[in-house]
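Novice: no FASTA, just this:
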Ligand code: NAD
């Protein structure tokens, strides 16, 4: 099967065409069980295409092929410079096809084309290039012991690694895992989200053109409960890297422990605070606060969803913030001036009874953003802006602002993963730091102040993996990203991520 789509939009005209099978051993194949998964267009709720539904048997086959490639043509059998060359080639191809890839991402996820191209695809290319440069620079140490002994270390690739990717930044999250894994010489078996598998398949097609040997890159589309579990339980997968919900992160860690004690990196949720002090540049703080929560429609683990504003500037900030939020253009991802499109899926959009409790998740809440809005209203918070669906079809939610929310309300404590900001007034620096830290998450935080002492003192006390001073939601290929507490384990990006894809061997020589 092939997915072919003619884009005839104001921002992109062109065609995309690629197979929708599983990508195993350098070829697109049907799943062994023959099923398919519907891929829905979130802008109108209609069927876009079907992709192969993988199973645990397909994961077994992919792992077998990946292991064979690792033992023969990849890993330490392939010089780092050659791995780097192939990665640079892939990045160049992505750049040549940037409009097409961005269009496919925008179509499948519902994000604005301009953001998909400027953030997702540009970010993907820079991450792949960053790690391509590392491919021939991974090295161990010699360690002096005594006159008649020499020891040295080798940083070896782990072998076959599993990677499970979410739907909010499908290709970019793929690159954060693909980059360090492939540069370090591992072979990958990667599962994209069942909601957004298309860009990974397009990348697979480009990887053939780039010349990667068969078996190095394997993409198995399928559901978490089948393909995802098969990856995390697999006895011959040495490590699994995951981005997604804390609930699934726990399952993966448990499966890793129960199977072959595989290494795990988990990049999970967040409920990131944004502290706006009275001595900040208000206009600057408002602009970044908008980006912090509404970028990608709030579907970002690092979204600055709790905005704490000092009482002295609260009204001024709220007025300006509301005005800007009101003017964010919601609509067709392919219209030139669109800022936010729909949420990714009906499950993310809908209202329903919520049963997810942070810290002790009882049941996976599959239908959330409107549900959280309802829960905020029921709990007595004020809907200051939005709080409703936009349009009559698709999964659009208007930019929403809650005020008058109490610290223990679910909208303040839990990850909504939608365009919903909670604005809270504070008066005391120590008290706001305490509130900001009082959550099960610890992924990111932002601080706005022109007083660098105050900003740094606050940054030191906030428990978060990424701290942004006078900015928000900043991610760079060379800077590590990841969380404390239930936001995850390990770091992606930067040199640090390579440590999670190599094993250290110490060799002792007796002279
Ligand atoms: P999820 O955690 O269920 O899914 C993420 C990935 O994990 C998908 O590829 C999915 O198929 C896979 N998966 C699901 N169950 C699995 C299992 N048992 N074993 C292995 N893999 C499995 O996330 P979701 O349902 O798509 O979204 C739910 C919530 O998760 C969101 O609303 C948001 O709060 C959070 N989330 C966070 C991020 C992030 O960047 N940290 C990304 C996406 C979702």
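Specialist: Nice, thanks for sending it over. Keep in mind that this is a model prediction, so the values were computed, not measured. Numbering: from 1, shown residues only.

Novice: per-residue pLDDT, whichever residue of the stretch 301-450 of the chain sits closest to the ligand?
Specialist: Closest residue of the stretch 301-450 of the chain to the ligand, Cβ to the nearest ligand atom: residue 301 (3.1 Å). To be clear about C-beta, it is placed using only N, CA and C from the backbone, and glycine gets the same treatment. On the pLDDT scale, residue 301 is placed at 96.

Novice: Give me the three-state assignment for it.
Specialist: What DSSP: H, G, I helix; E, B strand; the rest coil gives for residue 301 is coil.

Novice: ok, now the one 3 residues further on?
Specialist: Put simply, residue 304 is coil when judged by three-state DSSP.

Novice: can I assume it is in contact with residue 273?
Specialist: Yes: here residue 304 lies in contact with residue 273, judged by Cβ atoms under 8 Å, at a distance of 7.1 Å.

Novice: Quick check: neighbours shared by the two?
Specialist: 445, 446 (Cβ atoms under 8 Å, 6 or more residues apart in numbering).

Novice: ok, residue 339 touching residue 332?
Specialist: No: in this structure residue 339 lies outside contact range of residue 332 using Cβ under 8 Å: 11.5 Å.

Novice: So for the helix or strand harbouring residue 453, what gets flagged as buried?
Specialist: According to DSSP states H and E, residue 453 maps onto helix 452-461. Residues 454, 455, 458, 459 are the ones in helix 452-461 that count as buried (16 or more other Cβ atoms under 10 Å).

Novice: Next: stretch 209-222.
Specialist: By neighbour count on 16+ other Cβ under 10 Å, the buried set for stretch 209-222 is 210, 212, 213, 214, 215, 216, 217, 218, 219, 220, 221, 222.

Novice: One more: stretch 234-243?
Specialist: Neighbour counts using 16+ other Cβ under 10 Å place 234, 236, 237, 238, 239, 240, 241, 242, 243 of stretch 234-243 among the buried residues.

Novice: Which two of those residues have the greatest separation?
Specialist: Greatest spatial distance in the buried residues of stretch 234-243: 236 and 243, 22.5 Å, computed using Cβ to Cβ.

Novice: picking that back up, would you mind telling me which of residue 339 and residue 332 has more residues around it?
Specialist: Each of residue 339 and residue 332 has its neighbours counted (other Cβ atoms under 10 Å); residue 332 has more, 23 against 18.

Novice: tell me the secondary structure for the nearest residue to the more buried one once chain neighbours are set aside?
Specialist: Once flanking residues are discounted, residue 332 sits nearest to residue 338: 6.0 Å by Cβ to Cβ, 6 or more residues apart in numbering. With three-state DSSP as the basis, residue 338 sits in coil.

Novice: Report pLDDT for residue 352.
Specialist: So residue 352 comes in at 52 (pLDDT).

Novice: buried ones in the helix-or-strand element of the chain with minimal mean pLDDT?
Specialist: The weakest-scoring helix or strand in the chain, judged by mean pLDDT, DSSP states H and E, is helix 346-349 (a mean of 88). Neighbour-count burial for helix 346-349 flags 346, 348, 349 (criterion: 16+ other Cβ under 10 Å).

Novice: and the next element down the chain from it?
Specialist: Following helix 346-349 toward the C-terminus (DSSP H and E): helix 369-379.

Novice: Tell me where the stretch 101-250 of the chain has strands.
Specialist: For the stretch 101-250 of the chain, the strands defined by DSSP state E, counting those that start in this stretch cover 142-146, 149-157, 160-164, 187-191, 217-219, 239-243.

Novice: could I get those as JSON lines with mean pLDDT and distance to residue 41?
Specialist: Converted to JSON lines, the strands of the stretch 101-250 of the chain look like this (pLDDT from 0 to 100; distance: least, Cβ to Cβ, whole Å):
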{"stretch": "strand 142-146", "mean pLDDT": "92", "distance to residue 41": "57"}
{"stretch": "strand 149-157", "mean pLDDT": "96", "distance to residue 41": "39"}
{"stretch": "strand 160-164", "mean pLDDT": "98", "distance to residue 41": "24"}
{"stretch": "strand 187-191", "mean pLDDT": "98", "distance to residue 41": "21"}
{"stretch": "strand 217-219", "mean pLDDT": "98", "distance to residue 41": "21"}
{"stretch": "strand 239-243", "mean pLDDT": "98", "distance to residue 41": "23"}
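
Novice: Just put these in JSON lines and tack on distance to residue 206.
Specialist: Listed next are the strands of the stretch 101-250 of the chain as JSON lines, based on distance: least, Cβ to Cβ, whole Å:
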{"stretch": "strand 142-146", "distance to residue 206": "40"}
{"stretch": "strand 149-157", "distance to residue 206": "23"}
{"stretch": "strand 160-164", "distance to residue 206": "17"}
{"stretch": "strand 187-191", "distance to residue 206": "14"}
{"stretch": "strand 217-219", "distance to residue 206": "10"}
{"stretch": "strand 239-243", "distance to residue 206": "21"}
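
Novice: Look up how far residue 249 lies from the spatially most central residue of the chain.
Specialist: With distances taken as Cα atoms, centre = their mean, the residue of the chain nearest its centroid is residue 173 (4.4 Å). Using Cβ to Cβ, to the nearest Å, we find residue 173 at a distance of 14 Å from residue 249.

Novice: surely residue 101 meets residue 174?
Specialist: No: using Cβ under 8 Å, residue 101 makes no contact with residue 174, being 11.5 Å away.
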